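> 3D model of this:
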Amino acid sequence: MTYCVGLLLNDGMVLLSDTRTNAGLDNIATYRKMFTFEVPGERVIVVMTAGSLSVTQTTIAELREAIEDDAATAETSILLAPTMLKVAEIIGNTLARVRGVVDEKMASMRQGASASLIVAGQRKDGAMRLFLIYPEGNFIEATEDTPFLQIGEHKYGKPILDRVVRPETSLADGQKAVLLSMDSTLRSNLSVGMPLDLAVIARDGLKVTVERRIEAGDQDFRAMSEAWSEALRTSFQTVPLDGQRAKSS
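This is a model prediction of the structure:
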């Protein structure tokens, strides 16, 4: 499995993915799940993937082929599409088509393949947009009411996002939030693993402004994890039960 999360903030977007892929307890590997497409100063697009590796790798490969095609048009290339909405449509259609082909090949085994994507980006003179694309190719978009999207093993890392992430959250605090969200997931689910890929896109920067790979022994990440654990333990001790509160009053 995997865990990927994206934040849509007033100051920009923060994106984080793990890299663990497993097909059983004894078949674990590392694969990048964050892919960047840029025309600096004109547009930036980041895609994060979760699900069947055969589906996601083929989808990314087809998107790249469409970009490099001499006959590429605004209907086929995400680097020529006129809006981020059109980018999401192209990627959704590609994912659905690839999934259909893989499903057909696996039908005789009574198996199927599924994948979902997070697409984040901005084009010149356009708004920043963040989409979650479902296996069928349809999608939803992050809003001010829900300024983050997740795919994969999302349940463990969602509580902190629900509590702290708002559109006005700073990019620095956004990075802290996604990293602690990932830390909670790493502690609770062995199918999610290091290293991690972090990207930040500043508003109107039209390029990835921060790009970082966090390895298993990263001291900064470990220190953040330990500080968060200590803060939770301390807070836990200070929260009273109803009876304790009544007695003290």
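
> Now A88: which helix or strand?
Using DSSP states H and E, A88 sits within helix 84-106.

> Which strands or helices does the helix or strand where S184 lies pack on?
When elements are assigned from DSSP H and E, S184 belongs to helix 171-188. The contact analysis (3 or more Cβ pairs under 8 Å, 6 or more residues apart in numbering; DSSP states H and E) places helix 171-188 against strand 3-9, strand 12-17, helix 158-164, strand 196-202, helix 219-238. Placement of C-beta: from N, CA and C, glycine included.

> for the helix holding A88, which positions count as buried?
The neighbour-count check on helix 84-106 (16 or more other Cβ atoms under 10 Å) flags 84, 87-92, 94-96, 98-99, 102-103 as buried.

> ok, then the element right after that helix?
Assignment by DSSP H and E places the next element after helix 84-106 at strand 115-123.

> In CSV, list the helices and strands packed on helix 171-188 along with mean neighbour count, mean pLDDT and distance to A120.
Formatted as CSV, the helices and strands packed on helix 171-188 follow (neighbours: other Cβ atoms under 10 Å; pLDDT from 0 to 100; distance: least, Cβ to Cβ, whole Å):
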stretch, mean neighbour count, mean pLDDT, distance to A120
strand 3-9, 27, 98, 5
strand 12-17, 27, 98, 5
helix 158-164, 14, 97, 15
strand 196-202, 23, 98, 7
helix 219-238, 11, 96, 22
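
> nearest to E141, of those?
Checking these against E141 by Cβ to Cβ gives strand 3-9 as the closest, at 8.7 Å.

> Pull that closest one out as CSV, backbone CA atoms only.
Provided in CSV are the C-alpha atoms of strand 3-9 (Å, rounded to 0.1, in the frame of the first residue of the first chain):
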residue,chain,number,x,y,z
TYR,A,3,0.1,7.0,1.8
CYS,A,4,0.1,10.3,-0.1
VAL,A,5,-1.3,13.6,1.1
GLY,A,6,-1.6,17.0,-0.5
LEU,A,7,-2.5,20.4,1.1
LEU,A,8,-4.1,23.4,-0.7
LEU,A,9,-3.1,26.5,1.3
